[in-house]
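Asker: no sequence for this one, just the structure:
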C-alpha cells in the first residue's frame, strides 16, 4: 500500500493509517482528512460519506488481498495449497498490523447491519474458496491428493478455518497453534497415506 | 434462560432481551432497566457499570453453554463428537437468536480493547477444546478413530472451525455448508477408512 500520484490512492493510505490509529468505532472523516494532510471539505469532494469511503477502502483491500493470496499455478498442488493458506493466515506485518486487523474485525461486526459491508466482506471468502477449490481439484485429478477428497467441501472447511483463525487471533489474541493445525490437515488428510 | 426469584437472574434475562433489541454498540443501562421494569438506580444497586453487568452476562452465557454443549460420555466417540459439534454450531433458537449472536459478535470486536471481555470469551473456546480433545483421545484409544490422529491438533482444528462458522454466519449471513463440512470432516478423516 504505497502512495502514488492519484488522490484516491493517497486517501486509501490515509484511511489505513487512521483506522490503525483510531479503530473503526470512533473513526471520523476529520481523522482521515488529518492523515491525508488536507481539509475535511477536500475529502468530502472525493467521498460523500464515511460509509462510502470505507466501502472503497474494502475494495482497495480486496485488490491487495488478491495480489497477495493467489495460486500461481506453479509447482505441486500440496505445496501450492500450503503457500496459499499461509498467505491467507499470516499476512505480512506491513500489510495488516494488529491494529488494522482489529479495526477490520469491528467493520465485520457492523456487517450484519449493512448489506454493502456484508457483500464486500463475502468477496474475500468467495475468492479464497475458489482458489482453494481449484488447487484441490487439480490435486485430486493428478493424484497428489486422495481420490475421495471433495474439493467443494474441503474449500468450505479451509475457508471457515481461515475465518476462525482470524477471529481467534483478533478477539482472543491467541493463535493457539492454528497455522500448524491447518498445515497438518493438508499433510495428513488430503495426501494419501504412504502405502 | 428463564427468570426465577433472584434479582440477578431477572437482570440477566433483561440484559438478554435488551441486547437482542438494541445491539451492543448503543446499549445503555436505561435500556436494560426498562426491560427489567425497574429503575436505573435499582439496576446500579446490583451492577456499578454497564461493563460489569456485561461481564456477568458473559459468565451467565458460559454456564448456559456448558450445560448445552457437554459430552455426556455415553455412546460411541464418533456420535458423541458429532453431537457436541452440532450443539456448538447450531444453538437452539430460544437460546441464541440471530440478534443475540450479532450483539455477541460486537462484544467480541470489543475484546481486543478489554482484557476482561477477552478472558471471558477465551473460556468458551478452552471449554470446547477440552471436551473435543477428551472425546478424540478416547476414540483413538478405543480404536473408533484412526490411531495416527492427534487429539490436541484435532481439537484446535475443530474449535477454530466453530469460531469460523460463527463468524461467517453472523458477518456474512452465510453458513455455506459449514455444518455439513464439519460432519464430513469427522466421518471422512477421523474414522479409519473401511479396509
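Answerer: That came through fine. Nothing here was measured: the structure is a model prediction, and the numbers come from that model.

Asker: okay, CA-based contacts and neighbour counts for the rest of this
Answerer: Will do.

Asker: report pLDDT for the residue nearest to residue A:66 when sequence neighbours are not counted.
Answerer: Closest residue to residue A:66 apart from its sequence neighbours, by Cα to Cα, 6 or more residues apart in numbering or on different chains: residue A:127 at 7.8 Å. If you check residue A:127, the pLDDT there is 96.

Asker: same check, this time on residue A:136
Answerer: The model reports residue A:136 with a pLDDT of 95.

Asker: tell me, how many residues neighbour it?
Answerer: 26 (other Cα atoms under 10 Å in any protein chain shown).

Asker: next one: the helix or strand it falls within to chain centre, how far?
Answerer: Assigning secondary structure by DSSP states H and E places residue A:136 in helix A:115-142. Its chain's C-alpha centre and that of helix A:115-142 lie 11 Å apart, by Cα atoms, centre = their mean, to the nearest Å.

Asker: for the least confident helix or strand in chain A by mean pLDDT, name the packing helices and strands.
Answerer: Ranking every helix and strand in chain A by mean pLDDT, DSSP states H and E puts helix A:98-110 at the bottom, with a mean of 79. Here helix A:98-110 touches helix A:7-22, helix A:115-142, helix A:151-172, helix B:98-110, helix B:151-172, going by 3 or more Cα pairs under 8 Å, 6 or more residues apart in numbering or on different chains; DSSP states H and E.

Asker: could you rerun that using 7 Å?
Answerer: helix A:7-22, helix B:98-110 (3 or more Cα pairs under 7 Å, 6 or more residues apart in numbering or on different chains; DSSP states H and E).

Asker: past the first one, which element shows up next along the chain?
Answerer: So that's helix A:7-22. helix A:29-36.

Asker: now the residue of chain A found nearest chain B: closest residue in space, sequence neighbours ignored.
Answerer: Closest approach between chain A and chain B, counting by Cα to the nearest Cα: residue A:164, at 3.4 Å. The shortest distance from residue A:164 to any non-neighbouring residue, by Cα to Cα, 6+ apart, is to residue B:164 (3.4 Å).

Asker: what is the neighbour count of the one you found?
Answerer: Residue B:164 has 26 nearby residues by other Cα under 10 Å.

Asker: what's the spacing between it and residue B:182?
Answerer: Distance, residue B:164 to residue B:182, by Cα to Cα, to the nearest Å: 11 Å.

Asker: need the residues of chain A near chain B, please.
Answerer: Counting by Cα under 7 Å from any Cα of the partner chain, chain A comes close to chain B at A:102, A:105-106, A:108-109, A:111-112, A:118, A:122, A:153, A:156-157, A:160-161, A:163-165, A:167, A:170-172, A:178, A:181, A:189.

Asker: now list the buried members of those.
Answerer: With burial judged by 16 or more other Cα atoms under 10 Å in any protein chain shown, the buried subset of the residues of chain A next to chain B is A:102, A:105-106, A:108-109, A:111-112, A:118, A:122, A:153, A:156-157, A:160-161, A:163-165, A:167, A:170-172, A:178, A:181, A:189.

Asker: returning to that earlier point: the residue of chain A closest to chain B reaches residue B:157, doesn't it?
Answerer: No - using Cα atoms under 7 Å, residue A:164 makes no contact with residue B:157, being 9.3 Å away.

Asker: and the helix holding residue A:136, which residues are buried?
Answerer: For helix A:115-142, by 16+ other Cα under 10 Å, it's A:117-118, A:120-122, A:124-125, A:127-140.

Asker: quick one: low-confidence parts of chain A?
Answerer: A:1-5, A:91-97, A:173-176, A:192-195 (pLDDT under 70).
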